[in-house]
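Undergrad: Please find the sequence and the predicted model below.
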Amino acid sequence: MRIPLSYVIKRIGFLVAVLFTAATINFIIPKLAPRDPVTELINQKIASGGLTSEGAAEFGDSLRKLYGLDRPLWQQYLTYIWNMMRFDLGYSIVNYPQRVSFIINQTVYWTLGFVLTSTLLAFVIGTVVGALVGWSKTSKWLSWLMPPLAMFSAVPAFILALLLIYFLAFKAKAFPLRGGFSATIVVNWKDPKFLLDVVHHALLPGLSMLLVSVGGWSLGMRAMMVTVEGADYMTFADAKGLKGPRLFFRYALRNTLLPQITALAMQLGLIVSGATLVETMFSYPGIGNRLGGAIRALDYPVIYGIVFFMVVGIAVATLLVDLMYPLLDPRISYSGG
Amino acid sequence: MSEPILQVKNLKVYYYVEAGAVKAVDDVTFDLDDGTKMGLVGESGSGKSTMAQALMRMIKPPGKIEGGEMILDGVDLVKLSTEQMRQTKLRKLAMIPQGAMNALNPVMRIDHQLVDGMLDHGVTLSKQEREERVARLLEMVDLAPKVAKMYPHELSGGMQQRVTVAQSISMEPDLIIADEPTSALDVVIQRQVMETINNLQERLGLSLILIGHDMGLMAQTVSRLAVMYAGRMMEIGATYDMFRDPLHPYTQLLISSLPVLANKGVFAGIPGITPSLLNPPEGCVFHTRCPKAWDLCSQSTPKFTEAQPGRWVACHLHTA
Amino acid sequence: MQRGQGFKGFLNYIRRNPAFGGGMVLLLLLFLFATVAGLFVPKEGAYPLAAMPKQPPGGEYPFGTDSVGRDLLPTTIYGTRMTLTIGMIAGAIGLGVGTVLGFMTGYFGGLFDTVVKFFVDVLMTIPSFLLLITIAASVPNPEDMSIIRMALILSLVSWVQPTRAIRAQVLSMRERAFVMMAKLSGMNGMEIIIKELMPNLMPYLAISLAGAVNGGVLGSLGLQTLGIGNLREPSLGMTIYWLRYYNAFLQGYWWWIIEPVTVIALIFIAFLLLSIGLDEFANPRTRRTV
Amino acid sequence: MTTPLLELKHVTKIFGTKKDQTVALDDMTLALNETFPKIITVAGESGSGKSTTGMLLLGFYGPTMGEVLFRGRPLYELKGADLFQFRRDVQAVFQDPFAVYNPFYLVDNLLSIPIKNFKLASSKSEARELMEEALERVGLRPAETLGRYPHQLSGGQRQRIAVARALLLKPKLLITDEPVSMVDASLRSTILKALRGLNKEFGTPIFYITHDLTTAYHISDYIIILYRGSVMEAGNVDTIIKDPQHPYTKLLVSSIPWPDPDLVWGGAEDMIQKSQVAFKAITGCKFAPRCPYRMDICDTKPPDLYLLERDRAAACYLSMDNAVLPREELTSLFAEA
């Protein structure tokens, strides 16, 4: 099955629109807010003793020139968009002269590791469990799984994380309380001991993401399974005397996967938001925790930069899921609408 | 006279709802001779579709086969285990479904759908045999070989229905149950599909039960006709006799309400409304609307009896 | 769905739809906890230095105290009240805007619909929480934001989902034959929206409201946990922020963790049950015909 | 000549996007007069444009090209009192006897709302009388019908209430779209009889849309046979059903399943082609790809309507020896001799 080019172009056009809107929001909001990053930076420098109040005005003007803040708004906007297109996200105020892109690069892989793993695992487990529970021919005890899974799905991951930390890390001492690796270990990605330590640290944050999303996927899957079981093609397949496994996998599951994958595309944003807070709870060295830190320190370029980066990531991932969809559904027509 | 391929005896299918038992099929008895086409007509709520589901043993809860026998080629389907019934389906008893546009798996190519039923009934086929089998089945229903590699949505409603017909004959069953197979199709296509089914029935010597509400279609296709009303069998006989000399007052009214070429502008309906299946009237279920009803009709249920050779009717007018 | 059977009918319905009943009861209990309990417990206890610090539950402090001397009973009561209030204001605004936009765009279509649909689609891709962070962190003095300002910020994103959901429902419903019939009976557009569509969409409006309030609560918790929002006034998110700030884990102050987490979990479980129940109400799968 | 009540003028309706277009109705001109109390059937298979014609006449679709005129004024121009008058004068009965009811209200609403809006009664009791009278005319007992919800009545009862509504409103024109196709056979006659009664007693013209030539033959005076948006044959219903001239009409008529064991399908076998040619851009007669009498001329341009008799015309080159009836004068076929 081929993906029609016009569909790809249309979809990419939408991606550009999303990114453009996100960038514009990022540009406008600070301008609307009655606060001046330069003054704040100067105040910080004064407070930290790096600058005297006499030199402040002069320093401020030179800074404004450096950031282009003395130019007309539309010029600033164009420069800003141009910078965004090159992924030039500027400098951190607090950790000047660290570039925001450097901070992202430093933290993003930590996040990707545990978020991708837990999301995929949760998606697979949740889909299978939901499918089995929804399938009328499986035994009924399976449906007892649903209430606890549903409970977990209702609670935000970072709230569940608190409980996991307290019970599993603090009380049972089965997992580390915080961080991405032990303070006592030498960072060496080629050392299996270090890798094991990293995995050990990632397990609890991953588990809190996993527990929360498994319930959601299985609830959705169960509902779709019930709908599909009522479809005419299932009745006819049953009338053909097909064996149970074929009915389940080739007919029911195959048809429910499509909406499930749509749901995955829709959930990406929620997953990233959830991961941000989970990382904060665990002081995990990922991008979300870094965002939390920037918020506490009011380090605006880092906040805007990371948010923009996350939006790009989600938009691209959504695009990929959307492009995958037609490979699974032969019915899709891309003629528009 | 050949032996009956199917004998249905005192079949009862009830649906249990909060308010009580809905008697969707109540005490239905009939025989079907080998190699015949029988039509089963009835209005909505008559139980004709429930009959189809019951014969396939596909009654879903809260429905249940409450009693009776369905003997297909000497085997009582009611008594079979789920697995035995699964093996019976397609091999001895197949179905042509109603909703042509939704009866095929939308994400599977036609050839796979045509073959998988056979595979699950113990037929082993090499890749080449498979292709030949699919091509022959498609040819039998007048479809081009290229249809094998297509998806259902690429086919018109008539073509999809032909695929389901091909599916149903793939293991040459004894009996095919067609549940309003053309109700979603245009007249010309309807005629084509029905003629295809007719040809196959004759060629393969199958028996066929055609379920529907369209008396016109019945007049055109079946040799015997069974009329159901409110869950009960009213009358069975040769199609021609049923149209020309209906015995049961319900059949009489039904036939006279039909628009034919000769009676333009004559509009005769059956007054009254169908009774509730939850609380069917005492006695004959039709007595509330029957112009010929008398005391006895509201007191005792008429027996379904052979009034003339090959002609069965459930009416007190004919039991005496 | 059967109507016109009064309270008994309602009870009967609850029996067939226990999720709906469970959600309602749980939510009601939480409301009572946040309101009635407040009549007996003064708010003063919810501020630092109001009590003996680091006390486990019991005796004078049934919920215990935190490490700076907040009594956790009033903190939880007033925190729940604050969190629910923020969620309800944001949810109500979101539903209000969403209803107006959803009906207008869904029923009348046109350029306005195209524009709104585009923004909704874009905002569905941009996670609302990230948008909230950007906005909330940019306002002056994010650390002492009022309830109203917090709720208003949350409502900047809480209209998106309701708009989308209601628009979709209206789109499918406006093609229904009874709408054509209403036109043929001399009804105009607004009359049709209010008299014909609205009543049928009630369950969907209720689902949207539950979703929007749920989203508001979740958003406020998330922001407060990151330290955006009023950190002096008691709220559930603020409690989470402080317990992390003072490393309640390392000290083993279990009550400080368990209490807010339990209340938060109960709030979300109530919303989950409610939305499952409302969904069942809107699309009953048990409708059977013979 | 008086202005017709409702008129299609060179109306073309195209559905779909630029790439994937379906011409539902192709250059149709038709005038319906309130002073001509006949029943005109529009018949055709799915995709013939018959229902689209109804929707255009009711103003629920706008034409892609051409105009729909109510008393000489385009429908889209109508506002306020004029639009109200249009709604008052042109009424409809639809196919699905459930969908026309708002499930939230009692079935009474279907009758009481137009009575209220169109001010047909001066008091509540008068309104009640009107409703009861109309219900009795379609064979319903008011006590068993009013005060119920739609799901508490049978399909036949619901459809009869819809017909009662038309009887009560006594419109200047009634458009019925497959009014009996979802109703049991034993009730069809009752409903058709009520429609015929409205037509005969109150002189209401009826535009009867159907795929079912048996009911068309029984109820109507004239018939228009549509195929893929174009008129194939039109005129007196008796002669067309008993002696069709256009090859398409022949095919249709020969496929009617008459409920008569003496009238079994036969003849016209040669017309039924096994596999249908894919429809590409057709420059000539739309039926040519399926037509057994296809000639070279058929592919050149669409045939005109040729006048076979005073009240009958066919769009087929086989009839080209006859006088041409300009397509915009289709209505002239439906006139008293």
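TA: Thanks, I have the structure now. Only a predicted model underlies this, so the values are computations on that prediction, with no experimental measurement involved. Residues are numbered from 1 along each chain as shown, chains lettered A, B, ... in the order given.
Undergrad: just the CA coordinates of the lengthiest helix in chain B, formatted as PDB?
TA: Scanning chain B for the longest helix, with DSSP state H as the assignment, gives helix B:187-204. Extracted C-alpha coordinates of helix B:187-204, given in PDB (Å, rounded to 0.1, in the frame of the first residue of the first chain):
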ATOM      1  CA  VAL B 187     -33.600  -4.000  -8.700                       C
ATOM      2  CA  VAL B 188     -31.300  -4.800 -11.700                       C
ATOM      3  CA  ILE B 189     -28.500  -5.900  -9.400                       C
ATOM      4  CA  GLN B 190     -30.900  -7.700  -7.200                       C
ATOM      5  CA  ARG B 191     -32.100  -9.700 -10.200                       C
ATOM      6  CA  GLN B 192     -28.500 -10.500 -11.200                       C
ATOM      7  CA  VAL B 193     -27.600 -11.700  -7.700                       C
ATOM      8  CA  MET B 194     -30.700 -13.700  -7.300                       C
ATOM      9  CA  GLU B 195     -30.200 -15.400 -10.700                       C
ATOM     10  CA  THR B 196     -26.600 -16.200  -9.700                       C
ATOM     11  CA  ILE B 197     -27.900 -17.800  -6.500                       C
ATOM     12  CA  ASN B 198     -30.600 -19.700  -8.400                       C
ATOM     13  CA  ASN B 199     -28.100 -21.100 -11.000                       C
ATOM     14  CA  LEU B 200     -25.700 -22.200  -8.300                       C
ATOM     15  CA  GLN B 201     -28.500 -23.800  -6.300                       C
ATOM     16  CA  GLU B 202     -29.500 -25.900  -9.400                       C
ATOM     17  CA  ARG B 203     -25.900 -26.700 -10.500                       C
ATOM     18  CA  LEU B 204     -24.800 -27.800  -7.000                       C
END
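Undergrad: Now find how far off-centre the next helix or strand after that helix is within its chain.
TA: Later in the chain than helix B:187-204, the nearest helix or strand by DSSP states H and E is strand B:207-212. Relative to the mean C-alpha coordinate of its chain, strand B:207-212 is positioned 4 Å out (CA atoms, centre = their mean, to the nearest Å).
Undergrad: near chain D at all, the next helix or strand after strand B:207-212?
TA: Downstream of strand B:207-212, the first helix or strand assigned by DSSP H and E is helix B:215-221. Yes: for helix B:215-221 and chain D, the contact criterion (CB under 8 Å from any CB of the partner chain) is met by B:215-220. Any C-beta I mention is one placed from the backbone N, CA and C, and that applies to glycine too.
Undergrad: Filter those residues to keep only those in contact with chain A.
TA: Of these, not one also sits near chain A (CB under 8 Å from any CB).
Undergrad: Please work out the average pLDDT along the top helix by length along chain D.
TA: Identified as the longest helix of chain D according to DSSP H is helix D:185-202. Across helix D:185-202, pLDDT averages out at 90.
Undergrad: Mind checking if the one helix or strand A:Thr127 maps to is in reach of chain C?
TA: A:Thr127 belongs to helix A:100-134 when assigned by DSSP H and E. No: if you take CB under 8 Å from any CB as the test, helix A:100-134 misses chain C, and the best it gets is 11.5 Å.
Undergrad: Can you name every helix or strand that that helix contacts?
TA: helix A:146-154, helix A:192-229, helix A:254-282, helix A:287-296, helix A:300-328 (3 or more CB pairs under 8 Å, 6 or more residues apart in numbering or on different chains; DSSP states H and E).
Undergrad: quick one: average pLDDT of the fourth one?
TA: The predicted model assigns helix A:287-296 a mean pLDDT of 92.
Undergrad: okay, that helix in CSV with CA atoms only?
TA: Coordinates of each C-alpha in helix A:287-296 appear next as CSV, following Å, rounded to 0.1, in the frame of the first residue of the first chain:
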residue,chain,number,x,y,z
ILE,A,287,14.1,17.5,29.7
GLY,A,288,10.9,17.7,31.7
ASN,A,289,12.7,18.2,35.0
ARG,A,290,14.9,20.8,33.3
LEU,A,291,11.7,22.6,32.3
GLY,A,292,10.5,22.4,35.8
GLY,A,293,13.8,23.9,37.0
ALA,A,294,13.7,26.7,34.5
ILE,A,295,10.2,27.6,35.7
ARG,A,296,11.2,27.8,39.3
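Undergrad: distance between that helix and the chain's centre?
TA: 14 Å.
Undergrad: Flag every residue of the stretch 51-200 of chain B that's near chain D.
TA: B:142-144, B:156, B:186-192, B:195.
Undergrad: Provide the secondary structure category for B:Ile270.
TA: coil (DSSP: H, G, I helix; E, B strand; the rest coil).
Undergrad: That one against B:Leu258, yeah?
TA: No: checked against CB atoms under 8 Å, the pair B:Ile270 and B:Leu258 is beyond contact range at 11.4 Å.
Undergrad: ok, the residues of the stretch 51-200 of chain B next to chain D vs chain A, which is closest?
TA: Set against chain A, the nearest of those by CB to the nearest CB is B:Ser156 (14.9 Å).
Undergrad: name the element the residue in the stretch 1-150 of chain A that chain D sits nearest to belongs to?
TA: Relative to chain D, the nearest point of the stretch 1-150 of chain A is A:Ser6 (8.4 Å; CB to the nearest CB). Following DSSP H and E, one finds A:Ser6 within helix A:5-32.
Undergrad: ok, now B:Ile177?
TA: strand B:175-179.
Undergrad: again with B:Ala226
TA: strand B:224-229.
Undergrad: Dead centre of chain C: give me the residue that sits there.
TA: C:Val213 (1.6 Å; CA atoms, centre = their mean).
Undergrad: Identify the residue nearest it in space, chain neighbours excluded?
TA: C:Gly91 (3.2 Å; CB to CB, 6 or more residues apart in numbering or on different chains).
Undergrad: show me what contacts the one you found?
TA: C:158, C:209, C:212-216 (CB atoms under 8 Å, 6 or more residues apart in numbering or on different chains).
Undergrad: mind running it again at 10 Å?
TA: Applying CB atoms under 10 Å, 6 or more residues apart in numbering or on different chains, we find C:Gly91 in contact with C:84, C:98, C:151, C:154-155, C:158, C:162, C:208-217.
Undergrad: The longest helix of chain D and chain B, any residue contact?
TA: Yes: shown here: helix D:185-202 in contact with chain B (CB under 10 Å from any CB of the partner chain) through D:185-197.
Undergrad: Identify, from those residues, the entry nearest to chain A.
TA: Looking across the residues of helix D:185-202 next to chain B and measuring by CB to the nearest CB, the closest to chain A is D:Ala185, at 24.2 Å.
Undergrad: Check whether that closest one really touches B:Leu217, as I assumed.
TA: No: contact criterion CB atoms under 10 Å: D:Ala185 and B:Leu217 do not qualify, at 11.4 Å.
Undergrad: could you dump the helix or strand bottoming out on mean pLDDT in chain A to PDB, C-alpha only?
TA: Lowest mean confidence among the helices and strands of chain A (mean pLDDT, DSSP states H and E): helix A:37-47, at a mean of 71. Taking Å, rounded to 0.1, in the frame of the first residue of the first chain, the C-alpha atoms of helix A:37-47 are listed here in PDB:
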ATOM      1  CA  PRO A  37      13.700  40.000  30.500                       C
ATOM      2  CA  VAL A  38      16.600  42.500  30.200                       C
ATOM      3  CA  THR A  39      15.700  44.300  33.400                       C
ATOM      4  CA  GLU A  40      15.300  41.000  35.100                       C
ATOM      5  CA  LEU A  41      18.600  39.800  33.900                       C
ATOM      6  CA  ILE A  42      20.200  43.000  35.100                       C
ATOM      7  CA  ASN A  43      18.500  42.700  38.400                       C
ATOM      8  CA  GLN A  44      19.800  39.200  38.700                       C
ATOM      9  CA  LYS A  45      23.300  40.300  37.800                       C
ATOM     10  CA  ILE A  46      23.100  43.100  40.400                       C
ATOM     11  CA  ALA A  47      21.900  40.800  43.000                       C
END
